[in-house]
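# structure for this input, please:
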Amino acid sequence: AGFRKPIKRLWISSQTDKAVLEGFANLKPSSQYNNLYMSAESRAEADWLVGLNVTRALTCKYNAQLSAGRVQTPTLAMIVQREEEIRKFVPKDYWTINAKVNGFTVQWKDRNSGNSRIFDKNRAEEIVSRLKGQAGQIVDVQKEHKKELPPLLYDLTELQRDANRKFGYSAKKTLSIMQKLYETHKLVTYPRTDSRYITDDIVPTLPERLKSIAVGPYSETARSILRKKINSSKRFVDNSKVTDHHAIIPTEQFVDLGALDSDERNIYDLIIKRFLAVLSEPFEYEQITVKVDVKGELFFARGRIVRSPGWKAVYGELGRLGDEDEEDEQEQVLPEVKKGQMVKLIAINAVNGKTKPPARYTEATLLSAMEHPGKFVEDKSLREALETASGLGTPATRADIIEKLFDCFYVERRGKEIVPTSKGIQLISLVPPDLKSPELTAKWEQQLQLISKGRSNASSFIKEMRDYASKLVSSVIASNESYRHDNLTREKCPECGKYLLEVN
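Below you'll find the predicted structure:
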């Protein structure tokens with residue numbers, strides 16, 4: 001348009017009046033963001049070139065509605081690969097040995113390997129019958145003072161994971177609730193962020209943010225943090241770890257909890273509790289490990305005494321949302337015991353269990369895999385690029401990509417689990433191999449990152465993408481795979497006369 005006037009940008013992380021006014025007082029020259037713009041434009045164009053061409057090639061070749069893309073295909077490939085592992089998995093029986101002594105439970109562990117699982121039934125039964133009614137000696141009591149620091153603040157992906165675990169919300173639903181809290185209620189900062197830290201300039205605003213959330217169930221904790229000096233440690237204040245937007249935290253806007261619906265209230269609750277937890281003291285406890293020797297076999301028990309609940313008090317009894325994989329050894333309250341003390345085995349038994357196949361992805365675990373797909377990549381430097389380039393897709397696009405896999409009927413939900421359909425499994429066998437691997441995305445993310453820092457050329461990247469797209473199309477044409485509709489019905493479409501497909 002021939003426009004030659006200077007351009008300035010408003011760069012803000014929350015939409016409260018105060019933040020907007022401050023933003024306008026500190027407008028930034030637009031030229032600072034030219035590289036970021038080039039990188040975003042290259043990303044969009046690359047995704048379009050690859051997605052459009054491969055999708056058309058697959059659809060024409062196999063006469064079925066098939067689509068592929070730079071991020072959706074590696075994501076689908078991870079789900080299909082997991083399903084394959086589950087299908088091939090053969091469960092094995094194992095036994096663990098538990099015993100009761102003087103009011104607490106101990107668990108057997110192998111003297112050499114430290115393993116508590118025995119894969120030989122006869123061996124387990126032999127140990128149980130040999131030790132029945134025997135006495136043992138406490139050979140070691142270790143007490144360790146431990147500190148557990150609060151979790152980091154939320155970025156979008158971590159928030160979507162917790163919301164899926166705790167409330168079963170899809171990634172897309174969490175994002176749309178966040179948009180409302182950000183735009184309509186103005187209660188939280190910019191949601192589409194990939195940072196879990198805040199910058200130095202936010203620290204002076206923390207007391208004001210705490211005052212604004214000191215309502216209802218949060219008032220007591222917020223006031224007690226305000227009474228002490230806020231400890232702004234490097235643990236959550238780190239300018240080098242914030243690229244465009246800082247972690248999700250509450251704004252200084254006054255809160256009316258009654259104005260939020262139940263979904264908004266749930267997400268808001270997660271954010272506020274995490275914010276309060278980060279500003280709280282560490283959780284301190286004493287870990288006690290007891291080692292008992294019974295006729296040459298070793299048994300262990302672990303327990304803890306809480307010295308100071310610290311940040312865990314914010315979450316009540318729950319502690320932080322735990323990950324699904326609990327340890328074999330259960331924590332318990334142990335009585336006073338001393339080294340050298342004799343104990344009698346009151347009961348001992350072998351418990352049968354079966355090894356479990358790898359778990360299917362839920363939205364929470366799929367988001368983690370998309371964020372850290374490095375373990376699916378062999379090359380070390382590429383793995384590092386994927387880790388620093390925030391993995392497959394961006395926090396802002398992941399929800400839409402997962403949603404798209406559902407909409408195209410490549411995957412379906414069973415409860416919380418994500419299961420690939422026959423169409424999704426077949427598609428992965430039809431797609432050119434290097435489009436399935438996260439390595440390719442790693443290479444691109446690496447280049448896009450360099451473009452955003454002004455260290456790489458956007459036009460040469462796009463040229464490479466054009467060549468790549470035509471190579472992919474040729475490889476689809478040359479393929480001699482076939483696709484078959486597993487979900488054909490006997491009923492015809494009144495419009496075109498083809499058989500209808502049944503989808504779930």
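# mean pLDDT per helix and strand in the chain: which one sits at the bottom?
helix 380-388 (a mean of 66; mean pLDDT, DSSP states H and E).
# could you point out the helix or strand that follows that one?
Downstream of helix 380-388, the first helix or strand assigned by DSSP states H and E is helix 395-407.
# hmm, who's touching that following helix?
71-72, 75-76, 79, 155-157, 160, 170-172, 174-175, 192-194, 363, 366-367, 370-371, 392-393, 411-413, 424 (CB atoms under 8 Å, 6 or more residues apart in numbering). To be clear about C-beta, it is placed using only N, CA and C from the backbone, and glycine gets the same treatment.
# okay, and which of the residues you listed map to helices?
When these are checked against helices (DSSP state H), the matches are 72, 75-76, 79, 156-157, 160, 171-172, 174-175, 363, 366-367, 370-371, 424.
# quick one, what contacts Phe254?
Ser212.
# swap in the one 5 residues further on?
Applying CB under 8 Å, 6+ apart to Ala259 gives the contacts His185.
# average pLDDT across stretch 211-230?
Confidence over stretch 211-230 (mean pLDDT, whole number) is 93.
# for it, measure first residue to last.
End-to-end distance for stretch 211-230: 13 Å, by CA to CA, to the nearest Å.
# now it: buried residues?
Buried residues in stretch 211-230, counted by 16 or more other CB atoms under 10 Å: Ser212, Ile213, Ala214, Tyr218, Thr221, Ala222, Ile225.
# right, and the first one touches Asp256 too?
No. With contact defined as CB atoms under 8 Å, Ser212 does not reach Asp256; the gap is 11.0 Å.
# quick one: list the elements packing against the longest helix seen in the chain.
In the chain, with assignment by DSSP H, the single longest helix is helix 34-62. In terms of contacts (3 or more CB pairs under 8 Å, 6 or more residues apart in numbering; DSSP states H and E), helix 34-62 is packed against helix 422-430, helix 438-452, helix 458-478.
# least reliable of those going by mean pLDDT?
Looking at these, the bottom one is helix 438-452 with a mean of 81.
# same for that helix, what does it pack against?
Helix 438-452 packs on helix 34-62, helix 72-88, helix 380-388, helix 458-478, going by 3+ CB pairs under 8 Å, 6+ apart.
# just send the ones you listed back as CSV, with distance to Leu181 and mean neighbour count too.
Conversion of the helices and strands packed on helix 438-452 to CSV gives the following (distance: least, CB to CB, whole Å; neighbours: other CB atoms under 10 Å):
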stretch, distance to Leu181, mean neighbour count
helix 34-62, 25, 17
helix 72-88, 27, 19
helix 380-388, 29, 16
helix 458-478, 35, 15
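# do you know which of those helices lies nearest Ile428?
Closest approach to Ile428 among the helices and strands packed on helix 438-452 (CB to CB): helix 72-88, 4.6 Å.
# if I look at the residue nearest the centre of the chain, how far off is Thr189?
In the chain, the residue lying closest to the centroid (CA atoms, centre = their mean) is Ser368, at 3.2 Å. Distance of Ser368 to Thr189, given as CB to CB, to the nearest Å: 23 Å.
# now Ile272
As judged by CB to CB, Ile272 and Thr189 stand 13 Å apart.
# hang on, Val419 in a helix?
No. Assignment of Val419 by DSSP: H, G, I helix; E, B strand; the rest coil gives strand, placing it outside any helix.
# shaky segments in this protein?
Residues of the chain that meet the criterion pLDDT under 70 lie in 317-330, 375-378, 382-390, 504.
# switch the cut-off to 50
For the chain, the stretches with pLDDT under 50 are 321-328.
# run a quick neighbour tally on Phe283.
When neighbours are defined as other CB atoms under 10 Å, Phe283 has 21 of them.
# quick one: contacts for it?
When contacts are counted by CB under 8 Å, 6+ apart, Phe283 touches Lys147, Glu148, Pro150, Val306, Ser308, Pro309, Gly310, Trp311, Lys312, Gly319.
# which one is the first one nearest to, not counting chain neighbours?
It refers to Lys147. Pro282 (4.5 Å; CB to CB, 6 or more residues apart in numbering).
# that older thread, which among the helices and strands packed on helix 438-452 is found nearest to Pro438?
Across these, closest to Pro438 is helix 72-88 (CB to CB), at 4.7 Å.
# can you name the next helix or strand after that closest one?
That would be, after helix 72-88 and using DSSP H and E, strand 93-101.
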